[in-house]
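Engineer: give me a model of this one.
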Amino acid sequence: MARTEPTAAVDEAEPTDLPRKTGKDDLAGLEAGLDALTTVDTGRVPFSRTFREKILPPLTAVLVVLVVWQALVSFKIVDDPTKLPSPSAVWDEVQDAWLKGELLGYIWTSVSRGLLGFLFALVIGTPLGLLVARVKFVRAAIGPILSGLQSLPSVAWVPPAVLWLGLNNSMMYAVILLGAVPSIANGLVSGVDQVPPLFLRAGRTLGATGVRGLWHIVLPASLPGYLAGLKQGWAFSWRSLMAAEIIASSPDLGIGLGQLLENGRNASSMPMVFLAILLILIVGIVIDLLIFSPLERRVLRSRGLLVRN
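Structural biologist: Numbering: from 1, shown residues only. Next up is the predicted model:
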């Protein structure tokens, strides 16, 4: 009996230990699985993968457009060069502007105006959007006006801006502001409206009220909507500037991309017109790729909405 008692004790202890061990293993496995789902790969992405996923698709699209464009000219589907110039004719126009030292001047004149005007719109539109979003009386008073201004074509502001301010850079910036400020303000209002009320209550509980609550709770939580408003505001800024440069021309204003487009029309030079259109398009794409797309990826990744595989 003395020899069998320890054995029985061991046999009785083993069944009780096994479920505890199994439960711990299951919990550890569950935690490891959740960690694997939320883990972000911070390693360096191979260039071959970046080229295949990010660079090759747009290059292929550009190549297809060039092939179709050349085919329309070569097979004389559009046989009038005053309507559709060949890609080589547009390239000759690019080379001519480059050799004259004018190409970068065209781009810089418009880009510097556009970015500076957008910064002015950002400084004005952000506090205006916060005021409209947080003060009910202000929202009821000027909220519909902002929505109406956003839907108003930017070109409509060029004639009154010329009459008010004359043919100068101030007129250009005024048109940009009138086109971009409503979009930025409405984007921020939309972002603030989408902030969960639980965030605001938690902030008030922790003492984040007034300006502190705006800085630490409202603005970070409204970033996705605010960023969408910024992207739309830049689009309106760029379009407003092009409209102003096309309509209002003066030697004192220099030659930007919009004025280059108008000069091509006056000279009946389709290669110059296509050059201006392509440059306007390229600048818009580059600004989006260098500024807004990285900001958008960073905001989405910080909220767990974009995980690098």
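Engineer: which residues of this structure score low on pLDDT?
Structural biologist: Applying pLDDT under 70 to the chain flags residues 1-45, 305-309.
Engineer: and for residue 163, the neighbour number?
Structural biologist: Neighbourhood size, residue 163 [other CB atoms under 10 Å]: 9. From N, CA and C alone the C-beta is placed, and that goes for glycine too.
Engineer: mind listing what's buried along the helix or strand containing it?
Structural biologist: Using DSSP states H and E, the element containing residue 163 is helix 158-165. Neighbour counts using 16 or more other CB atoms under 10 Å place 158, 161, 162 of helix 158-165 among the buried residues.
Engineer: redo those as a markdown table? Include distance to residue 125.
Structural biologist: Below are these laid out as a markdown table (distance: CB to CB, whole Å):
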| residue | distance to residue 125 |
| --- | --- |
| 158 | 20 |
| 161 | 18 |
| 162 | 23 |
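Engineer: which member of those residues is positioned nearest residue 140?
Structural biologist: Ranked by distance to residue 140 (CB to CB), the buried residues of helix 158-165 are led by residue 161 at 28.7 Å.
Engineer: check contacts around that closest one.
Structural biologist: 171, 174, 175, 178, 244 (CB atoms under 8 Å, 6 or more residues apart in numbering).
Engineer: if I look at it, how far off is residue 67?
Structural biologist: 42 Å (CB to CB, to the nearest Å).
Engineer: how about residue 111?
Structural biologist: In this view, residue 111 and residue 67 are 30 Å apart by CB to CB.
Engineer: isn't residue 171 up against residue 159?
Structural biologist: No. Residue 171 is beyond contact range of residue 159, at 10.3 Å (criterion: CB atoms under 8 Å).
Engineer: hmm, back to that, quick one: which of residue 111 and residue 67 has more around it?
Structural biologist: residue 111 (18 against 11).
Engineer: ok, for that one, nearest residue in space, not its chain neighbours?
Structural biologist: Distance criterion CB to CB, 6 or more residues apart in numbering; nearest residue to residue 111, sequence neighbours excluded, is residue 283 at 6.0 Å.
Engineer: good, we can wrap up now.
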